[in-house]
Each structure stands twice: as structure tokens, then as C-alpha cells.
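Novice: Here is my input; please provide its structure:
(one chain, ligands or ions: 1)
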Amino acid sequence: MDPQSDPLHTDRHPQTSFQTIIEPFRVHSVEPIAFTTHAERLAALERSRYNLFGLKASEVTIDLLTDSGTGAMSTRQWAGMMMGDESYAGSRSYERFNETVTSITGFSEVLPTHQGRAAERLLFSEAVGSGDVVPSNTHFDTTRANVEHEGAEARDLLIPEGKDSQSEHPFKGNLDTASLESTIEEVGRERVPLVIVTITNNSGGGQPVSLANLRAVREVCDRHGIPLFLDACRFAENAWFVKQREPGYSDHSPLEIAREMFALADGATMSAKKDGMSNIGGFLAMNDRDLAARCRNLLILTEGFPTYGGLAGYDLEAVAVGFWEALDENYLRYRARSTAYLAELAEKAGVPTVRPPGGHAVYLDAARLLPHIPSSQYPAQALACALYLEGGVRGVEIGSLMFGKPQENGTEIPAEMELVRLAVPRRTYTQSHIDYVGEVIAAVARNSQDLRGLRIIDQPLWLRHFTAALEPV
Ligand code: F0G
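Specialist: Residues are numbered from 1 along each chain as shown. This next block holds a predicted model:
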């Protein structure tokens, strides 16, 4: 439902008169969390071979592994699910999904997918070929893997401030347009099938991209006739940062800003598990009818008929409601504040974080906290394991385990940053949960000089951080 026509929509009553920014919801249904002993956590860590993806959720107390699909849905979303139309073709739920996505993005071709990477695979399979170069501010890991799977190069062209964890630049997710120009010049326009900008820049600290930057990227793309796509997983959080930080936008609603962002692009891939506020879902959307038709054929081959794309009708309903809820100002204000609060706790504990905090996560700077552990020994993974061992808090490494490039001589080119991401699931944890996480961080920081690095003992070819096995050095 469009929030403008909804009398109960909290956006109609922005919470501004008091300092405390409260959760704009109350708890409707609860789920127990697990408490474990230190010995149990050590055993779990050894069993999962120092890879936190190998833990059972029942071994984790506060799960900050990801904000993807882990949030709490609203009463409206659950009610919407009861309206799910499970018709194989042309369901009403698809119409609602389609109307919502078109209304927010303006794109005419909307292909539902079961999650973001399915949309990426469809797009890159059809639009990208071997030897191509796909520029981005920073590719997320699945995006990079899908580009490389086509035999193409995924090239990150982030502005220099985006690589400096301490820079307070308001839009550290911006793409460096001069590098984009020189990349196109270097490889030739015909080898650059598209540019994809990730909003917000997850792998670079959840940092936003400004509208001015999107406009500048668009201008370069137009000059060379190259399509521009958005990886729009966290488009609503990006819109919120534009509203807060970009001159001229403080009076614009997040919806207006989101529409302006999408209007600058030719298409988007989306994981609705983030700003779709849902547990599953996504889409590929664009204006190019021919490309969409080719992607749709592939969708039928691997995902499902184009009006459900691997989702149940009720999933389409949950996402259709969730997109509007993600654009609610009271929600976004609370979202940004609660993430910043976690960053403040980490910094108070003496753990440097990527500044300023992003929308969905706090990124601990393991390279600064653990200067005695070289990147070849995965300091961020060591820190992530220590947080789990100390207090059952699960984060995820975004450093050389995820992005290091193994070389033929057995060495690796390390990642540019060694980070532990503590992602905050949407509408899920309370302030005291986060206070507890702050205490766990402080306890680890007090003994940081005793932490040891890790070495990889087994790894797959693709996306190794999900399944690699490690052991302490
Ligand atoms: N792009 C970005 C920027 C993402 O953050 C993700 C997922 C994807 C694409 C892929 O979407 O998981 O639905 O297939 N990020 C999750 C995370 C997994 O933890 O950050 P998906």
C-alpha cells in the first residue's frame, strides 16, 4: 500500500520533538535466543573450523552475521501473506509486487527473483561476456563472483576516501568518475557492457552514494552509451543518507529521493532480503525490453515462471508491503540511529570502526586493532572468531578471507581493508541486546594483543569465505 494513502502510516507523524529515538514498533511475537558456555563456544568454533558460517544458529546468542533476510516482518506483511495468490501464472500477488516495484523504481520490466544473486546471474549471463570489464564502486561478493563466472573482470573504482576507514566523507560509497573514464578509455567501450553502482556500498562499510555522484556516473555512461545499473539492496538507507547529508534534499521524502536515484539508472538488481524487509525475495528490473526478454527466458529455465520467479505468491506480498515500510521516515531514522549507537559503543571500547557508520552495519577495523596480525593471517577473521568465543556474538569477516586474491605462487594479494562487519537485522534486536554486544567488544579489545591469526587449510574455488576451513596459526 502506498504510504501516502495509509492513515496509520507512521510517516504521517514524524517523531521529532524528543531526543530519544524510539523503535517505531512494539514487539508482537518473540523468539528465544541461545545462551552457551565458553567451553561450548570453543567446541563449536573448532567443529566449524574457525568459519562462523559453520555454526548452528542455536550456538549463537546475538547473530549479526547479516541483515539479509533476518529481520522481523510487520503485522501488515504477515496480513499481506494471507492474501498470497498462488496462481502459477499472472497472480494478483505479482500484480501488487509489480505495481510497487514500478511505482518506486519507474522501471517498466520487472522480473521477480528468489534473491539478489539470482537477479545478478540473469543480468550478467545475458549482458556480460568473456573478456569484458564491469566497473562498480565496489562489487559485493556475489556480484563479483557472478561477473567473474562469465569470464569478465569486476573492477572496483571507489573514490579514495572510501578506502580510508577514518575519512568522514559523507558519501564514501561514491564511484570515482575519473577512474571510470580511464577504464573505458583503457579497455574500450565495447568491452564495458554496463556499470553497476552498489547503494549503499556494503563491502566498503555500508557507505552511501550521493545523487550528485550518480548523476556524474550517468553522464559518463551517457557519453559512451553504456547502461547504468544499480545494485539497490539498501536503496532506502541510501535515500535516508542523501536526505541527511546531501545539500538540497532535507525536505525531500525518502521515496522522492529513491525515485530520483532509480531515474538515473537503466535498471537494477535487488535483494528484497534487505530493504524489502522480507525473509526472501528480489528482482531484476530495467527499461530495456529486449534484454529483459532474454533474462526472462533464463528466469524460466532456472527460477520459475516470470510472474513468480522462484517465490511463493505470499512472498511477493510480503515484499510488496516491505518496500513501502523501508521508506518510512520514522523507521529509517531509528535504523540509522541504532546502527550509529553500536558504532559508538565499539569506539568507546577502543575498537576503531569505519567512519561514519553505515546504515545496516558497523564495521570494526581489525587491521588497526590487531596490527600484530598480518593480512596473510586474516586478522578480521581472528577478531570475528574472538567475538564469538567471548560472548556468542556472530559477525562476518569482510577482509582478505572474503576478498584476498590467491596467486599461483601460493601467496595472496590482500584485501584493501580488514573488517569485521556487525550487521544489524531489521527491527529485531533491542537496545539492551546492543549494549551487550558493546560489552563483548570491550572484553575482546582489552585482550586484543593476545589474539592470534589463522591459516586456511581447505578452500573452494568460488566465494571461499562461506566454506573455507581455518586453524589458528
Ligand atoms: N548485493 C549486495 C550489495 C548485497 O549486500 C547482497 C547480499 C547481494 C547483492 C546479494 O543478495 O543475498 O539476496 O543473493 N548481501 C548479504 C549480506 C548476503 O550479508 O550482506 P542475495
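Novice: Enumerate the residues of the chain near the ligand.
Specialist: The chain has residues 66, 68, 115-117, 140, 142-143, 198, 202, 231, 233, 271, 273, 282 near the ligand, with proximity defined as CB under 6 Å from any ligand atom. All C-beta atoms are positioned from the backbone trio N, CA, C, and that covers glycine.
Novice: Now go through those residues and say which are in strands.
Specialist: Counting by DSSP state E, the part of the residues of the chain next to the ligand found in strands is 198, 231, 271, 282.
Novice: can you redo those as CSV with neighbour count?
Specialist: Converted to CSV, those look like this (neighbours: other CB atoms under 10 Å):
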residue, neighbour count
198, 28
231, 28
271, 28
282, 28
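Novice: so which of those comes closest to the ligand?
Specialist: Set against the ligand, the nearest of those by CB to the nearest ligand atom is residue 271 (3.1 Å).
Novice: pLDDT wise, what is that closest one at?
Specialist: Residue 271 is assigned 98 on the pLDDT scale.
Novice: I figured it was touching residue 202, is that so?
Specialist: No - applying CB atoms under 8 Å, one finds residue 271 not in contact with residue 202, separated by 10.1 Å.
Novice: which residues do those two both contact?
Specialist: The contact sets of residue 271 and residue 202 overlap at residue 233 (CB atoms under 8 Å, 6 or more residues apart in numbering).
Novice: isn't residue 160 right up against residue 176?
Specialist: Yes - assessed by CB under 8 Å, residue 160 is found in contact with residue 176 at 7.4 Å.
Novice: Between the two, which is the more surrounded one?
Specialist: Neighbour comparison, residue 160 and residue 176: the larger count goes to residue 176, with 21 against 11 (by other CB atoms under 10 Å).
Novice: where does residue 304 sit relative to the ligand, distance-wise?
Specialist: Distance, residue 304 to the ligand, by CB to the nearest ligand atom, to the nearest Å: 16 Å.
Novice: Just give me the neighbour total for the residue nearest to residue 84 when sequence neighbours are not counted.
Specialist: Among residues not flanking residue 84 along the chain, residue 314 sits closest, at 2.9 Å (CB to CB, 6 or more residues apart in numbering). Neighbours of residue 314 under the rule other CB under 10 Å: 18.
Novice: hey, what's the closest residue to residue 52 other than its chain neighbours bridged with?
Specialist: Nearest residue to residue 52, sequence neighbours excluded (CB to CB, 6+ apart): residue 394, at 5.3 Å. Partner residues in beta bridges with residue 394, using DSSP bridges, are residue 63.
Novice: and residue 394, what is it in contact with?
Specialist: Residue 394 neighbours (CB under 8 Å, 6+ apart): 52, 55, 60, 62-65, 384, 387-388.
Novice: If we use 7 Å, what do you get?
Specialist: For residue 394, the residues meeting the contact criterion (CB atoms under 7 Å, 6 or more residues apart in numbering) are 52, 55, 60, 63-65, 388.
Novice: now swap in residue 390 and tell me
Specialist: By CB under 7 Å, 6+ apart, the contact set of residue 390 is 440, 443-444.
Novice: State the helix or strand in which it lies.
Specialist: helix 379-391 (DSSP states H and E).
Novice: same question for that helix, mean pLDDT?
Specialist: The model assigns helix 379-391 a mean pLDDT of 98.
Novice: for it, which positions count as buried?
Specialist: Of all the residues in helix 379-391, those buried under the rule 16 or more other CB atoms under 10 Å are 379-391.
Novice: Quick one, grab the pLDDT at the closest residue to residue 91 other than its chain neighbours.
Specialist: Distances taken as CB to CB, 6+ apart put residue 85 closest to residue 91, at 3.9 Å, once the chain neighbours are dropped. Residue 85 carries a pLDDT score of 97 in this model.
Novice: Do me a favour and get the backbone dihedrals for residue 85.
Specialist: phi -100, psi 110 (degrees, to the nearest 10).
Novice: Quick one: residues contacting the residue of the stretch 351-473 of the chain found nearest the ligand.
Specialist: Residue nearest to the ligand within the stretch 351-473 of the chain: residue 423 (6.0 Å; CB to the nearest ligand atom). Residues counted as contacts of residue 423 (CB under 7 Å, 6+ apart) are 64-67, 360-361.
Novice: same question, residue 387
Specialist: By CB under 7 Å, 6+ apart, the contact set of residue 387 is 393, 395, 440-441, 444.
Novice: try 8 Å this time
Specialist: Counted by CB under 8 Å, 6+ apart, residue 387 has contacts 393-395, 420, 440-441, 444.
Novice: Mind pulling up the pLDDT for the closest residue to the ligand within the stretch 51-200 of the chain?
Specialist: Nearest residue of the stretch 51-200 of the chain to the ligand (CB to the nearest ligand atom) works out as residue 116 at 2.5 Å. If you check residue 116, the pLDDT there is 97.
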